[in-house]
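**Q** Fold the following, please.
(2 chains)
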Amino acid sequence: MSTAFLKIAIPAFLSGTVITLKMSAISLLLGLAVGVPLAFARVYGGKFLRNFSLVYSELMRGTPVLVQLFIVYYGLPQFGIVLSPMVAGCLTMGLNSAAYQIEYFRGAILSIGPGQMMAARALGMSQFKAIRVILIPQVLRIVLPTWANEAISMVKNTSVCYLIAVPELMTQAKIMIAQFYNTIESYSTVAVFYLVIVGVMTIAFSLIEKKVKIPGLAIEKSKK
Amino acid sequence: MSKEIIRLEGIKKSYGQSEVLKGIDLSVKESEVVVLLGPSGTGKSTLLRCINMLTVPTEGHVWVDGQDLTAPKVNINKAREHLGMVFQEFNLFAHLKAIDNVAIGLTKVLGVKRADALERAKKELERVGLGDKLDLYPGQLSGGQKQRVAIARALAMDPEVMLFDEPTSALDPELIGEVLEVMQKLAQEGMTMVCVTHEMHFARRVANRIVFMEGGVIVEEGSPDEFFDHPKTERARQFLGKFNGQFD
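**A** Alright, predicted model coming up:
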């Protein structure tokens, strides 16, 4: 690996890393914002909400994210909706992730069992307040290990956005190859970048898990 | 004559084809302790849950303190604030310490300031003998302790009535006593209580009135002495026969 290559590649990959992390964070939060309400809608909602949540989840999980990305980026302009690559990328990845997050959160909600909701209602809480005050704090803790996987997948999956020229990590690798004709070096370097990001995330999530752990919450979960 | 707190009229409940409650009338007066007895699956718990509308009756009316909870547009959340309920499975909030389990109804439902709520919660936990367990999570408590926290949680709301849904059925035998003791103390202090239980000694000692149910109807009711010594119906005699061992 030549010094000339590294001198140009490292800063390029670092700026790609920033974009990748930014995209992942925005997409994950969008997925969370859409996924959590739809997960509760699936468990506690009326018929319409339940079905909407189900159809949404099946539609998004049943089609490749690349197809969704191209529909949003290349298809929507036909209707006069032109999005920048970054916005199209975050929107697609976020709405796609939401479908998976619905399923993770739904599982966590169901694992809590109906007793917590019943006790909260008996105290005089509305269903909405019970969800907010009693269920969400528990659901977040239970879902955390699964959610960590989703976050890690997201970081890697954003690489498909090089196809619409978002200047993220993978795109930087492509640019380097065009410049230096060094396929193996560029791809290996970019792989190391991904590996480091994922490694740091894995450690961070396991620290968070330890920090928010509540004795017995996991036992409740396995019991019900 | 003391005030009537609960009145049930013609309560029916069906799940699909099966009718669990077939028309129940029941009245509970202030400071009265009513124990619902009967074989499993006869609708005792369902009836209890109709009182705070956790189960909505298919037909009939539920009055609590003069308010018809089955009327349309009733604010049921408001009505439940002062109907304490204790469940067979405790249902303590798993992510909250004992003291916060008791305080959360005060802060999040009644809007009491947190500092005041914690002070009240501490008092209620001391009242059920758990003053030294304030900072433990439900997962760190025994079944009997969990149920006492659950009782404290309901008491903190200043309930007019306490509903007990088989509060000792999920407990190991050696832990039942501590919960019954708390319940008996409550009864002596004049709390209005409706209990579903299979603890015959408790029923006999603490109840003012026994209501015996079978097959979704009230078969017989009366004072504990009447019911246990001179049951009027054959079905009650059969039921009591199975518990004979308990009266030796």
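
**Q** Can you get me the start-to-end distance on stretch B:130-148?
**A** In terms of CA to CA, to the nearest Å, the two terminal residues of stretch B:130-148 are separated by 8 Å.

**Q** what's that stretch in contact with?
**A** For stretch B:130-148, the surrounding residues in contact (CB atoms under 8 Å, 6 or more residues apart in numbering or on different chains) are A:214-217, A:219-220, B:86, B:90, B:92-99, B:101, B:121-122, B:125, B:128-129, B:149, B:152, B:167-168, B:170-172, B:175-176, B:178-179, B:182. (Glycine included, C-beta is placed from N, CA and C.)

**Q** give me that answer again for 7 Å
**A** Contacts of stretch B:130-148 from elsewhere in the structure, counted by CB atoms under 7 Å, 6 or more residues apart in numbering or on different chains, are A:214-217, A:219-220, B:86, B:90, B:92, B:94, B:97-99, B:122, B:125, B:128-129, B:149, B:167, B:170-172, B:175, B:178-179, B:182.

**Q** Please indicate which of those residues are buried?
**A** Buried subset of those (neighbour count, 16 or more other CB atoms under 10 Å in any protein chain shown): A:214, A:216-217, A:220, B:86, B:90, B:92, B:94, B:97-99, B:122, B:125, B:128-129, B:149, B:167, B:171, B:175, B:178-179, B:182.

**Q** Filter those residues down to the ones in strands?
**A** B:Val86 (DSSP state E).

**Q** can you pull the pLDDT of whatever residue of chain B ends up closest to chain A?
**A** Proximity to chain A, evaluated over chain B using CB to the nearest CB, is greatest for B:Gly139 at 1.1 Å. The confidence metric pLDDT takes the value 94 at B:Gly139.

**Q** Could you pull up the mean pLDDT of the helix or strand that contains B:Val194?
**A** Here B:Val194 sits within strand B:192-196, counting by DSSP states H and E. Throughout strand B:192-196, pLDDT has a mean value of 97.

**Q** From B:Glu124, how far out is B:Met183?
**A** Distance, B:Met183 to B:Glu124, using CB to CB, to the nearest Å: 14 Å.

**Q** now swap in A:Val87 and tell me
**A** With the distance defined as CB to CB, A:Val87 ends up 53 Å from B:Glu124.

**Q** contacting residues around the closest residue to A:Ala12 other than its chain neighbours?
**A** When the adjacent residues along the chain are set aside, A:Ala12 lies closest to A:Gln172, with 4.6 Å between them (CB to CB, 6 or more residues apart in numbering or on different chains). When contacts are counted by CB under 7 Å, 6+ apart, A:Gln172 touches A:12-13, A:16.

**Q** Is A:Gln172 part of a helix or strand, or is it coil?
**A** The three-state assignment at A:Gln172 reads helix, by DSSP: H, G, I helix; E, B strand; the rest coil.

**Q** residue of chain A with the smallest distance to chain B?
**A** A:Gly216 (1.1 Å).

**Q** Can you give me every residue that contacts that residue?
**A** Counted by CB under 7 Å, 6+ apart, A:Gly216 has contacts B:94, B:137-140.

**Q** I'd like those laid out as TSV, including secondary structure.
**A** Listed next are those as TSV, based on three-state DSSP:
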residue	secondary structure
B:Ala94	coil
B:Tyr137	coil
B:Pro138	helix
B:Gly139	helix
B:Gln140	helix
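
**Q** quick one: which of the residues you listed is most hemmed in?
**A** For the contacts of A:Gly216, the largest number of neighbours (other CB atoms under 10 Å in any protein chain shown) sits with B:Ala94, at 27 neighbours.

**Q** I figured that one hits A:Gln138, correct?
**A** Yes - the criterion here is CB atoms under 7 Å, and B:Ala94 meets it with A:Gln138 at 5.9 Å.

**Q** what is in contact with the two at once?
**A** Between them, B:Ala94 and A:Gln138 share these contacting residues under CB under 7 Å, 6+ apart: A:Leu217.

**Q** neighbours around A:Pro11, how many?
**A** Taking other CB under 10 Å as the neighbour definition, A:Pro11 ends up with a count of 11.

**Q** tell me the secondary structure for it?
**A** Put simply, A:Pro11 is helix when judged by three-state DSSP.

**Q** Now do the SS call for B:Asp158.
**A** Following three-state DSSP, B:Asp158 is assigned to coil.

**Q** Give me the phi and psi angles of it.
**A** phi 50, psi 60 (degrees, to the nearest 10).

**Q** Quick check: chain neighbours aside, which residue is closest to it?
**A** Setting aside the residues directly before and after it, B:Asp158 is nearest to B:His82 in space (CB to CB, 6+ apart), at 6.4 Å.

**Q** and the one you found, what does it touch?
**A** When contacts are counted by CB under 7 Å, 6+ apart, B:His82 is found next to B:157-160.

**Q** interface residues of chain A facing chain B?
**A** Within chain A, the positions near chain B by CB under 7 Å from any CB of the partner chain are A:115-116, A:118-119, A:121-126, A:129, A:133-134, A:137-138, A:141, A:214-217, A:219-220.
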